[in-house]
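**Q** Got a sequence here, can you build the structure:
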Amino acid sequence: MKKKEPLRKCVVTFERKSKKELVRIVRNSDQSVSIDPTGKKNGRGAYVSLDVEVAKIAKQKNALAQALNAKVTEEFYDELIDYIDYQIARRELLRQNEK
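**A** Residues are numbered from 1 along each chain as shown. You can find the predicted model right below:
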């Protein structure tokens, strides 16, 4: 029997996806917001699709500030876009090496 994979909802597109297709953003108890690559940090979490365009829409709409009920800076959104871009490129490289 195959193990059921947990689904999470993107705060921008509202699509339900597996955790592997999303990046978790967490708000700590001190109200700081950070990227959670492990998906295990303590705090309030929100998910964004691993897609640069979706991250740009999140920046335009300030979607993370609403989802996390915290102040999110422009610099953080830029960091998020760079992180997602890096993750996509990394996956492409790994997929090419498997061939």
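**Q** going forward, measure contacts between C-alpha atoms and count neighbours the same way
**A** OK.
**Q** Grab the longest helix from the protein for me.
**A** The helix that spans the most residues within the chain, counting by DSSP state H, is helix 74-98.
**Q** What are the buried residues along it?
**A** Across helix 74-98, burial judged by 16 or more other C-alpha atoms under 10 Å covers 77, 80-81, 83-85.
**Q** Pipe these into TSV and attach distance to Arg16 per row.
**A** Formatted as TSV, the buried residues of helix 74-98 follow (distance: C-alpha to C-alpha, whole Å):
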residue	distance to Arg16
Tyr77	22
Leu80	20
Ile81	20
Tyr83	21
Ile84	18
Asp85	21
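**Q** coming back round to it: contacts for the longest helix of the chain?
**A** For helix 74-98, contacts defined as C-alpha atoms under 8 Å, 6 or more residues apart in numbering pick out 23, 34-35, 50-52, 55-56, 58-59.
**Q** Restricted to helices, list those residues.
**A** Per DSSP H, helices hold the following members of the contacts of helix 74-98: 52, 55-56, 58-59.
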